[in-house]
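Asks: Show me the folded form of this:
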Amino acid sequence: YIINNFYDSKKDLINRPIKSKLDRLISQKTKLKVYFSLNFLVAAIATFVSIKAVVFFSGYIFLIWFYSHKLKKYPIIGNLTAAILAVLPFFAILLYFKNFYPQIFAHAIFLFLLILIREMVKDLENLKGDIANSYVTIVVKYGDKLVKQTITFLTICTVVPVYFLVNVYNVGYMTTYFYISLIVLIAFLIYLWKAVNKADYVKLHNVLKLIIVAGVFCIVLIDPQVLFHGKRIIGL
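Replies: Just a heads-up that it's a prediction; the model follows:
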């Protein structure tokens, strides 16, 4: 958040003027000091886990900086990188503990798709600021119609991991969350094609954030036994 805020300060003057005024109360120099201090603290804590953790978090911190400094200005690559970085710690934990369960990967794919959709909605929302600061985002390069078509396709794709989670592996009472999410996503798509201004895209962005945050809290609804045994395997 801090490093993104540092590099997006000019863009936020247009896209988020109120937030930008509050952020300007803290100098860019102070932001960098806090950023490096927190990174050092994370690396220090990681040494108590293992050298692999230190290497991973050091690489992860570098990737976040590289994304904020360079990649986020480019269409598609910036969106994909943001989504990958968001779910990367999730996969890293699985690999560290050697939990290669397909149902967990299906959940991660669902989360990845939601975050990727959210990144594209953010591009629609921040169009004016991106143009003013020479950010060649997917919306700037290809137009809002193609972006809406892409978002629609990705939203439909969320049905695939949800199908496996609900009908193949089962995730306990969390099935309720996935059913509600699909209903909300249908309404999301309908509103997406009616959206014409920043206020509309802000609402869509907030809907996606709500689904993602709700998913985190709803993890407690998963039956612990189901995490280790699929409900059934297709074709068996």
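
Asks: so where's this structure uncertain?
Replies: Counting by pLDDT under 70, the ranges of the chain that qualify are 1-29, 31-32, 35, 49, 92-100, 223-236.

Asks: elements contacting the helix or strand hosting Leu41?
Replies: Using DSSP states H and E, Leu41 maps to helix 28-46. Under the contact criterion of 3 or more CB pairs under 8 Å, 6 or more residues apart in numbering; DSSP states H and E, helix 28-46 touches helix 2-7, helix 51-69. To be clear about C-beta, it is placed using only N, CA and C from the backbone, and glycine gets the same treatment.

Asks: In the helix or strand just after the last one, which residues are buried?
Replies: Right, helix 51-69. Downstream of helix 51-69, the first helix or strand assigned by DSSP H and E is helix 77-96. Going by neighbour count (16 or more other CB atoms under 10 Å), the buried part of helix 77-96 is Gly78, Asn79, Thr81, Ala82, Ala83, Leu85, Ala86, Val87, Leu88, Ala92.

Asks: Tell me how far the third one lies from Val55.
Replies: Counting by CB to CB, to the nearest Å, the separation of Thr81 from Val55 is 20 Å.

Asks: and what of the fourth one?
Replies: Relative to Val55, Ala82 is positioned 22 Å away (CB to CB).

Asks: So Val162 sits against Leu111, correct?
Replies: No. In this structure, Val162 is not within contact of Leu111 by CB atoms under 8 Å, at 11.5 Å.

Asks: out of the two, which sits in the busier spot?
Replies: Ranked by neighbour count (other CB atoms under 10 Å), Val162 and Leu111 place Val162 first, with 23 against 20.

Asks: And that one, how close does it get to Ala132?
Replies: From Val162 to Ala132 the distance is 38 Å (CB to CB).

Asks: Restrict the helix or strand hosting Val121 to CA atoms and write it as PDB.
Replies: Per DSSP H and E: Val121 is located in helix 102-125. The C-alpha coordinates for helix 102-125 follow below in PDB (Å, rounded to 0.1, in the frame of the first residue of the first chain):
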ATOM      1  CA  PRO A 102      -6.700 -29.400  -5.400                       C
ATOM      2  CA  GLN A 103      -9.600 -27.900  -3.500                       C
ATOM      3  CA  ILE A 104      -7.300 -25.200  -2.100                       C
ATOM      4  CA  PHE A 105      -5.900 -24.500  -5.500                       C
ATOM      5  CA  ALA A 106      -9.500 -24.100  -6.800                       C
ATOM      6  CA  HIS A 107     -10.200 -21.600  -4.100                       C
ATOM      7  CA  ALA A 108      -7.100 -19.700  -5.000                       C
ATOM      8  CA  ILE A 109      -8.100 -19.600  -8.700                       C
ATOM      9  CA  PHE A 110     -11.500 -18.200  -7.700                       C
ATOM     10  CA  LEU A 111      -9.700 -15.500  -5.700                       C
ATOM     11  CA  PHE A 112      -7.200 -14.800  -8.500                       C
ATOM     12  CA  LEU A 113     -10.100 -14.300 -11.000                       C
ATOM     13  CA  LEU A 114     -11.900 -11.900  -8.600                       C
ATOM     14  CA  ILE A 115      -8.700  -9.900  -8.000                       C
ATOM     15  CA  LEU A 116      -8.000  -9.700 -11.800                       C
ATOM     16  CA  ILE A 117     -11.600  -8.500 -12.400                       C
ATOM     17  CA  ARG A 118     -11.100  -5.900  -9.600                       C
ATOM     18  CA  GLU A 119      -7.900  -4.600 -11.200                       C
ATOM     19  CA  MET A 120      -9.700  -4.100 -14.500                       C
ATOM     20  CA  VAL A 121     -12.600  -2.300 -12.800                       C
ATOM     21  CA  LYS A 122     -10.000  -0.100 -11.100                       C
ATOM     22  CA  ASP A 123      -8.600   0.800 -14.500                       C
ATOM     23  CA  LEU A 124     -12.100   1.800 -15.600                       C
ATOM     24  CA  GLU A 125     -12.500   3.800 -12.400                       C
END
